[in-house]
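> Need a 3D model of the sequence below.
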Amino acid sequence: MFSTDVCGGHAVNFSIDKTRADGASYIYNNKPEERAARMVLTIDIGNTNIVLGGYENGALGFCTRISTDKSLEADQYALELSGILNLYKVAGESIEGAIISSVVPQITDTVARALRMFAGVEPLKLTHELPTGVGVNIDTPSELGADLLAGAIAAKALYPLPAIVIDMGTATKITAVDEQGTVQGVSIMPGVFISLDALVNGTSLLKGIATNAPVRAIGKNTVESMQSGVVFGAASMLDGMVERFEAELGPAKTLVATGGAAGIVVPHCRHSVQYVPTLILDGLYAVYCRTHAAL
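Numbering: from 1, shown residues only. As a prediction, the model looks like this:
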């Protein structure tokens, strides 16, 4: 039960020395020949989906997702994950390592055991305690979700700062990253799809619709009206929250969005927001490379 071609054609090369737009330089691996033909798996465990990416020599080789299922055992996840790798002709023994971000603690260890079973690797688990290079200035740093931390890491590694990072998954999360690369706080609200489900389930006459781009803001029928409210409403919410964030953070040099609903909503924002479907995976890979470069 997996879907391919969900992450776009985005590719990031971390294996050479780069200079960010703000002038900062970073090196994750200055000996790419040592990583030849070796793959790093990045796994983002969300409430609805598990997104899996494979990075080889600094470039994203594949990206896919499976459904998050709390009922599966480690061997069942091992079969599902190994099936994906077989599809992409990746042998288990070619896996150098793996890193996991998870907002579903019930299955984090299950997926880690699955990786040990079919690839023989012990995955890193992203927490604020890893040497990520990103500060966390919130009341309780351990409360920051691993996915939000990964997004902030990618923003610091790849884009000018300050940055506002938008993750539109089951919930919509907006993270403020200051010019030093420190997470200054987050806003969390119901996601686009969960909001639509609540609308449909809480009313008698409204039925499920496809979340396509609206034809107009003023709908002429039920479907148009719901699409306008869901998509344009979410875009307007993002625009408004960006303005509120900038009032506290200062002008952001980067607005970047990821997550399942972002590709639908972001084109309708009045602000210029970059849509990067692999942002969380890019952040995970950056942490993996940073951690192993220090060994």
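> going forward, measure contacts between C-alpha atoms and count neighbours the same way
OK.
> Give me the domain ranges for the protein.
Following automatic domain parsing, the chain resolves into domains at 2-128+284-293, 145-281.
> Just put these in a markdown table and tack on mean pLDDT, distance to G135 and mean neighbour count.
Shown next, in a markdown table, are the domains of the chain (pLDDT from 0 to 100; distance: least, Cα to Cα, whole Å; neighbours: other Cα atoms under 10 Å):
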| stretch | mean pLDDT | distance to G135 | mean neighbour count |
| --- | --- | --- | --- |
| domain 2-128+284-293 | 79 | 8 | 18 |
| domain 145-281 | 93 | 4 | 19 |
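> V136: which of the ones you listed is closest?
Evaluated over the domains of the chain, closeness to V136 peaks at domain 145-281, with 4.8 Å, by Cα to Cα.
> How far does the closest one stretch from one end to the other?
From its first residue to its last, domain 145-281 covers 14 Å (Cα to Cα, to the nearest Å).
> State the distance spanning the first to the last residue of stretch 204-211.
Chord length of stretch 204-211, first to last residue, is 19 Å (Cα to Cα).
> Spell out the secondary structure type for K173.
Counting by DSSP: H, G, I helix; E, B strand; the rest coil, the backbone at K173 sits in strand.
> now the residue nearest to it when sequence neighbours are not counted: how far from T222?
In space, and not counting its chain neighbours, K173 is closest to I188: 4.6 Å by Cα to Cα, 6 or more residues apart in numbering. Going from I188 to T222 by Cα to Cα gives 28 Å.
> L199 sits in which helix or strand?
helix 192-201 (DSSP states H and E).
> Return the list of helices and strands in contact with that helix.
strand 171-177 (3 or more Cα pairs under 8 Å, 6 or more residues apart in numbering; DSSP states H and E).
> partners of the following helix or strand past the strand it packs on in the sheet?
On the C-terminal side of strand 171-177, the closest following helix or strand by DSSP H and E is strand 182-190. Partners of strand 182-190 in the sheet, by DSSP bridges, are strand 135-136 (parallel), strand 171-177 (antiparallel).
> need the ones you listed in a markdown table with distance to A217, can you?
Formatted as a markdown table, the strands paired with strand 182-190 follow (distance: least, Cα to Cα, whole Å):
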| stretch | distance to A217 |
| --- | --- |
| strand 135-136 | 39 |
| strand 171-177 | 22 |
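> can you put the domains of the chain in JSON lines and add distance to I138?
As requested, those are exported to JSON lines (distance: least, Cα to Cα, whole Å):
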{"stretch": "domain 2-128+284-293", "distance to I138": "11"}
{"stretch": "domain 145-281", "distance to I138": "6"}
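> The helix or strand containing I84 - contacts with which helices or strands?
I84 is part of helix 74-87 when elements are defined by DSSP H and E. With contacts defined as 3+ Cα pairs under 8 Å, 6+ apart, the packing partners of helix 74-87 are helix 105-119.
> Could I have the CA atoms of the helix it packs on written out in PDB?
Written as PDB, here are the backbone C-alpha positions of helix 105-119 (Å, rounded to 0.1, in the frame of the first residue of the first chain):
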ATOM      1  CA  PRO A 105       5.800   7.400  19.200                       C
ATOM      2  CA  GLN A 106       3.800   4.200  19.300                       C
ATOM      3  CA  ILE A 107       5.500   3.000  16.100                       C
ATOM      4  CA  THR A 108       8.900   4.700  16.200                       C
ATOM      5  CA  ASP A 109      10.600   1.700  17.700                       C
ATOM      6  CA  THR A 110       8.600  -0.700  15.500                       C
ATOM      7  CA  VAL A 111       9.900   1.000  12.300                       C
ATOM      8  CA  ALA A 112      13.400   1.100  13.800                       C
ATOM      9  CA  ARG A 113      13.300  -2.700  14.400                       C
ATOM     10  CA  ALA A 114      12.000  -3.200  10.800                       C
ATOM     11  CA  LEU A 115      15.100  -1.300   9.500                       C
ATOM     12  CA  ARG A 116      17.400  -3.500  11.600                       C
ATOM     13  CA  MET A 117      15.600  -6.600  10.300                       C
ATOM     14  CA  PHE A 118      15.900  -6.000   6.600                       C
ATOM     15  CA  ALA A 119      18.800  -3.500   6.300                       C
END
